[in-house]
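In: Kindly generate the corresponding structure for this input.
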Amino acid sequence: HEQVLARRVIERGWFPALFRAGGTIERNDLSYWLEQFLPFDYSCASAGPAATSPGFEEDWRISPRDWRPYHPHHDEYRIPGNMRRHMFRCLPVHDFHVSLTTEEVDAAFVQAREHGSAVLAFSSHDRRDIRPEVAHVHGLITQTAQHYKDVTWQNANALVAARSMLGKTEEPAPHLEISQDKDTLFIRSDRDLFGPTPFLAVEEGERFFRDNPTREDSRTWAYRMRNPGQIRRIGVAGVTASGSVGTAVLDVTDTRQAPHG
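Out: You can find the predicted model right below:
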């Protein structure tokens with residue numbers, strides 16, 4: 001997965017602003033990885049204790065059954081804590097153990113009425129035609145909305161919904177710069193990033209991978225290349241707390257001395 005992201009940064013100048021775990025399968029190691037780079041996580045699929053069992057891959061039994069986001073706990077991503085990113089609930093339309101129901105849609109309207117806003121998020125899979133499922137959910141929402149005339153609702157993608165829910169406005173993407181001093185690279189951002197470091201992608205020969213820079217200050221990082229003669233390009237990506245994404249790519253200069261003879 002990091003190889004894919006590294007290639008997308010270097011070859012396409014692209015990096016995501018948010019995340020949903022495949023199969024909603026998340027563990028602490030993935031939680032720690034996300035905390036470095038991405039402000040919004042739509043992986044929570046809580047549906048009550050009867051939906052899953054101990055050891056189940058998609059076990060969200062103890063998570064809030066709420067359509068409002070929470071900050072995950074450092075030691076237990078399924079409960080509220082003090083981590084930076086926001087965890088959003090997102091239920092599949094039709095699944096073998098958890099599905100979006102009329103009752104869940106009703107709960108979203110109640111929470112919006114009581115708290116001012118809610119994000120009703122749902123998911124499907126592109127292995128099948130998702131149009132019937134989207135139409136099904138739209139029908140559930142429009143039918144339920146008739147009972148909540150005082151609550152307005154709108155269609156929005158996941159990034160727009162997260163910003164709206166949290167009162168964040170779209171801001172300019174961070175401008176990232178990479179400069180080279182022999183075998184050391186310096187990375188600078190003109191804006192604060194969500195996490196402690198940018199995502200650093202390396203193209204070394206035919207390989208693509210992620211590596212870790214060191215922090216010089218809140219907007220500057222350094223990276224010492226281990227094999228500068230083999231590195232072709234370095235890419236970096238940074239995301240702000242509101243989900244604005246910036247990328248930069250540097251063609252690395254070979255700093256090895258040419259042999260005399």
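
In: Do I have it right that residue 23 meets residue 58?
Out: Yes - Residue 23 sits in contact with residue 58 when judged by Cβ atoms under 8 Å, with a separation of 5.9 Å. In short, each C-beta sits where N, CA and C put it, glycine included.

In: Which residue of those two possesses the greater neighbour count?
Out: Set side by side, residue 23 and residue 58 show more neighbours around residue 58, with 19 against 13, by other Cβ atoms under 10 Å.

In: element containing residue 200?
Out: strand 199-204 (DSSP states H and E).

In: Direction included, what does that strand pair against?
Out: Using DSSP bridges, the strands paired with strand 199-204 are strand 207-211 (antiparallel), strand 231-239 (antiparallel).

In: residue ranges with poor pLDDT in the stretch 151-261 of the chain?
Out: For the stretch 151-261 of the chain, the stretches flagged by pLDDT under 70 are 254-261.

In: Show me the strands in it, by range?
Out: 176-181, 184-189, 199-204, 207-211, 214-217, 220-224, 231-239, 245-251 (DSSP state E, counting those that start in this stretch).

In: May I see the buried residues of the shortest one?
Out: Read it as strand 214-217. Neighbour-count burial for strand 214-217, counted by 16 or more other Cβ atoms under 10 Å, picks out no residue.

In: hmm, back to that, now distance to residue 156 too, for the strands of the stretch 151-261 of the chain, in TSV please.
Out: Formatted as TSV, the strands of the stretch 151-261 of the chain follow (distance: least, Cβ to Cβ, whole Å):
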stretch	distance to residue 156
strand 176-181	28
strand 184-189	28
strand 199-204	26
strand 207-211	31
strand 214-217	35
strand 220-224	33
strand 231-239	19
strand 245-251	18
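
In: show me the contacts for the residue nearest to residue 163 when sequence neighbours are not counted.
Out: Nearest non-adjacent residue to residue 163, counting by Cβ to Cβ, 6 or more residues apart in numbering: residue 242, 6.0 Å away. Residue 242 is in contact with 39, 163, 168, 169, 170, 171, counting by Cβ atoms under 8 Å, 6 or more residues apart in numbering.

In: Go ahead and confirm the last one touches residue 244.
Out: Yes - taking Cβ under 8 Å as the contact criterion, residue 171 and residue 244 are neighbours in contact, 5.1 Å apart.
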